[in-house]
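*Asks:* What follows is a predicted protein model with its sequence.
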Amino acid sequence: MIVQSESASNIIDSLHAAERPAITGVSWADVVAGMLLTFGTLVRLREWMAGRSLWMDEATLSLNLIGRDLTGLLGPLDYGQMAPPGYLWTVKGIISLTGPGELSLRALSMAAGIGLIVAGWWLTRRLMGRWPATAAAAILALSPGAVYYSNEVKPYSSDAFVAALLLLAGTSAIDREVTWRRTALLAALGATAVWVSYPAPFTLVGVGLALAVASAHRKDWGAVSRLGVVGLAWTGSWGVVYHLARQGSTYDYMQRYWRDQFLDLSLAAPYRTATALVRALDVPGQTFRSPLDPWNAAVRITAVMLVLLALGIWALAVQRKVPALVMLLSAPLMALTAAVAHVYPIDVRLILFMLPSLAALAAGGLWFLSSRGLPWVAVLIIAITLLWSLLADLQTLRGPSEREDAKGVLRVLSSEARPGDTVYVWHGRASPLNFYRLTRPSLWPADVQTVWGAFLSAPVQTPIEKTEKYLEEIGWLCGRPRVWVSLVHGYPPEVYHNVFAVLRTRGAIVTSRTFDGAELAFLDLHNLPCQQSAAGQ
């Protein structure tokens, strides 16, 4: 393997090449891309190996995984969870072999996160060349959102990886004849993808249209008809997955849960329309967002990403690479259309699958600038765009953060709780504590009485009503000198503190400890008058 020797000026000049280079040998662009891929992999592995506590959404999905067999995972999931069957089956297979620990539960997302960088780099390399591919690799490798969701027991990282694989397969097929053999392979690939990723159809529409446009341009009408067969196979497979997803009440619950994340376009409601347009324009930046990003990279790069995307679209249009343009634009445009139709919400987690398309288009914008004699401008823009992402990733390397430290709460409980103590688990969103109680009984304190708080939703809605309800529940523990109250993912948070404030006024002694995203309180209720403990008494 020979590394071509190029001076700094030659490196910049190579950005001007508009033709797709032959994929042979290794250039300095490939070396830089390799360094970026390695860095991105190390950041993801660092966060994965830290094994942070499962947070609420992860724990509720994991409870389904450990409590059901493969057939059971096809039915409606408990705790208001949804995930594609292929993802669930794969994770179930992993934990069946290795046990339900954080590393094994997140192993598929980790592998997908690393695969996303490689597939997105190779996709852009085939479409635009070596240096644009290096820029795409930087975007994918450093994105804090892509890093975070590579370490979560949810299918968001695998959604992005599946999208990158579909785009790569489409790119490989654009310039080739769609034979019956390739028809069968494409049909099998897409029919499988919709079982692994719910948003895969958004990308498949673009792949199918791109291949149809390319075949029609060659006047290969037989290939166009064969692509119709491919589309039928994809649609049939997706229809089965969609039918399974609609079973039970979870789908309707999700529609209500995400109602604020749909796009409302109406001339009769200009404010909602303006809000929807702003949210749509914010999509390129949102794909960078991570719950653990201390530098808030997403907010800082939205405008720059919009400019790069516009330039990338123009560059492909000028080059008359219509099939590639159709393929890359499909996922974002289809998702936005679905959001307008109130079918698919626009949320950072759910739109991560757009990242391969957006990274390739943004790299195309940099390619356009360099081809117009502005290579240093392109270098400066990509450096500014990724500065905050790099800072967030360096922070991750230095010390990964917890999101909801359920294990920290349980360690304190297991070491300080005494036989006969009472542990009140704050309402039904305490799934992380329940998960660790089932999978790591050594963390759960022995010989204590456990009271699981009720999950308060309708008809109890307001924070005041919830406060009164919790006061009533905890009030029944009056007279007990040792009561532990554990909270993970408490919402709304003011309710928790309001309850303790009221208890203090009634004579309770409250000592509280704060963890990352969790709290543990020790209550002495022996002075709490029972006749005043319950709400309304």
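*Replies:* The structure has been received and is ready for your questions.

*Asks:* Low-confidence regions, the stretch 351-500 of the chain specifically.
*Replies:* 428-429, 455-461, 491-492 (pLDDT under 70).

*Asks:* in it, which spans are helices?
*Replies:* 355-371, 375-398, 406-416, 431-439, 463-475, 493-505 (DSSP state H, counting those that start in this stretch).

*Asks:* Throw those helices into a markdown table and include distance to Arg279 and mean neighbour count, thanks.
*Replies:* The C-beta positions use only the backbone N, C-alpha and C, and glycine is treated the same way. Output for the helices of the stretch 351-500 of the chain, formatted as a markdown table (distance: least, Cβ to Cβ, whole Å; neighbours: other Cβ atoms under 10 Å):
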| stretch | distance to Arg279 | mean neighbour count |
| --- | --- | --- |
| helix 355-371 | 16 | 28 |
| helix 375-398 | 21 | 18 |
| helix 406-416 | 32 | 19 |
| helix 431-439 | 29 | 22 |
| helix 463-475 | 26 | 19 |
| helix 493-505 | 25 | 17 |
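
*Asks:* Can you give me the buried ones in stretch 39-53?
*Replies:* 39-41, 43-44, 46-48, 52-53 (16 or more other Cβ atoms under 10 Å).

*Asks:* next one: stretch 288-302
*Replies:* Quick answer for stretch 288-302 (16+ other Cβ under 10 Å): 288-290, 292-293, 295, 297-298, 300-302.

*Asks:* Using a markdown table, lay out those residues together with distance to Leu350, pLDDT and secondary structure.
*Replies:* Output for those, formatted as a markdown table (distance: Cβ to Cβ, whole Å; pLDDT from 0 to 100; DSSP: H, G, I helix; E, B strand; the rest coil):
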| residue | distance to Leu350 | pLDDT | secondary structure |
| --- | --- | --- | --- |
| Phe288 | 15 | 86 | coil |
| Arg289 | 12 | 87 | coil |
| Ser290 | 14 | 88 | coil |
| Leu292 | 18 | 85 | coil |
| Asp293 | 17 | 83 | coil |
| Trp295 | 23 | 77 | coil |
| Ala297 | 19 | 76 | helix |
| Ala298 | 15 | 77 | helix |
| Arg300 | 22 | 79 | helix |
| Ile301 | 20 | 84 | helix |
| Thr302 | 18 | 86 | helix |
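
*Asks:* Tell me which two of these sit farthest apart.
*Replies:* Leu292 and Thr302 (19.4 Å; Cβ to Cβ).

*Asks:* any weak-confidence spans in the chain?
*Replies:* Using pLDDT under 70, the chain drops low at 1-25, 428-429, 455-461, 491-492, 531-537.

*Asks:* which among the buried residues of stretch 39-53 gets closest to Val326?
*Replies:* Gly40 (28.3 Å).

*Asks:* List the contacts of the closest residue to that closest one other than its chain neighbours.
*Replies:* The spatial neighbour of Gly40 that comes closest, neighbours along the chain excluded (Cβ to Cβ, 6 or more residues apart in numbering), is Ala141 at 2.8 Å. Neighbour list for Ala141: 36-37, 39-41, 43, 117 [criterion: Cβ atoms under 8 Å, 6 or more residues apart in numbering].

*Asks:* export those residues to CSV and tack on secondary structure?
*Replies:* Below are the contacts of Ala141 laid out as CSV (DSSP: H, G, I helix; E, B strand; the rest coil):
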residue, secondary structure
Leu36, helix
Leu37, helix
Phe39, helix
Gly40, helix
Thr41, helix
Val43, helix
Ile117, helix
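
*Asks:* Out of those residues, which is nearest to His497?
*Replies:* Checking the contacts of Ala141 one by one against His497 (Cβ to Cβ), the nearest turns out to be Val43, at 35.2 Å.

*Asks:* I'd like the buried residues of stretch 39-53 as JSON lines, with distance to Val205 appended.
*Replies:* Listed next are those as JSON lines, based on distance: Cβ to Cβ, whole Å:
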{"residue": "Phe39", "distance to Val205": "34"}
{"residue": "Gly40", "distance to Val205": "29"}
{"residue": "Thr41", "distance to Val205": "31"}
{"residue": "Val43", "distance to Val205": "32"}
{"residue": "Arg44", "distance to Val205": "30"}
{"residue": "Arg46", "distance to Val205": "37"}
{"residue": "Glu47", "distance to Val205": "33"}
{"residue": "Trp48", "distance to Val205": "33"}
{"residue": "Arg52", "distance to Val205": "36"}
{"residue": "Ser53", "distance to Val205": "38"}
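
*Asks:* Of those, which is the nearest to Trp388?
*Replies:* Distance to Trp388 across these (Cβ to Cβ) is lowest for Val43, with 14.4 Å.

*Asks:* thinking the closest one is in contact with Thr396, fair?
*Replies:* Yes: counting by Cβ atoms under 8 Å, Val43 touches Thr396, with 5.5 Å between them.

*Asks:* Identify the contacts common to these two.
*Replies:* Joint contacts of Val43 and Thr396 (Cβ under 8 Å, 6+ apart) are Val147.

*Asks:* how close does Asn527 sit to Arg349?
*Replies:* 46 Å (Cβ to Cβ, to the nearest Å).

*Asks:* Would you mind telling me which of these two has the busier surroundings?
*Replies:* When neighbours are counted by other Cβ atoms under 10 Å, Asn527 and Arg349 differ, and Arg349 comes out ahead with 18 against 12.

*Asks:* Helix, strand, or coil at the more buried one?
*Replies:* Assignment for Arg349 (three-state DSSP): coil.

*Asks:* Angles on the backbone of it, please.
*Replies:* phi -70, psi -40 (degrees, to the nearest 10).

*Asks:* Please apply the same query to Thr511.
*Replies:* Residue torsions, per degrees, to the nearest 10, at Thr511 are phi -120, psi 120.

*Asks:* do you know how far it is from Gly453?
*Replies:* Taking Cβ to Cβ, one finds Thr511 at 19 Å from Gly453.

*Asks:* which one of those two has more residues nearby?
*Replies:* Neighbours were counted for Thr511 and for Gly453 using other Cβ under 10 Å; Gly453 has more, 19 against 9.

*Asks:* Pull the number of nearby residues for the closest residue to that one other than its chain neighbours.
*Replies:* Nearest non-adjacent residue to Gly453, counting by Cβ to Cβ, 6+ apart: His427, 4.1 Å away. Neighbours of His427 under the rule other Cβ under 10 Å: 22.

*Asks:* quick revisit: now the residue nearest to Gly40: which helix or strand?
*Replies:* helix 130-142 (DSSP states H and E).

*Asks:* My guess is Thr250 contacts Ala83. True?
*Replies:* No: counting by Cβ under 8 Å, Ala83 is not a contact partner of Thr250; they are 10.4 Å apart.

*Asks:* Need the overlap of contacts for the two.
*Replies:* Leu77.

*Asks:* Do a quick rundown of the helices in the stretch 201-350 of the chain.
*Replies:* 221-245, 250-257, 270-281, 283-286, 297-318, 322-340.

*Asks:* Could you dump those into CSV and include distance to Ala363?
*Replies:* Below are the helices of the stretch 201-350 of the chain laid out as CSV (distance: least, Cβ to Cβ, whole Å):
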stretch, distance to Ala363
helix 221-245, 28
helix 250-257, 34
helix 270-281, 20
helix 283-286, 13
helix 297-318, 7
helix 322-340, 10
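
*Asks:* So which of the ones you listed is nearest Val147?
*Replies:* Using Cβ to Cβ, these put helix 297-318 closest to Val147, at 10.6 Å.

*Asks:* Could you list the buried residues of stretch 513-527?
*Replies:* Those would be 515, 517-523, 525, for stretch 513-527 by 16+ other Cβ under 10 Å.
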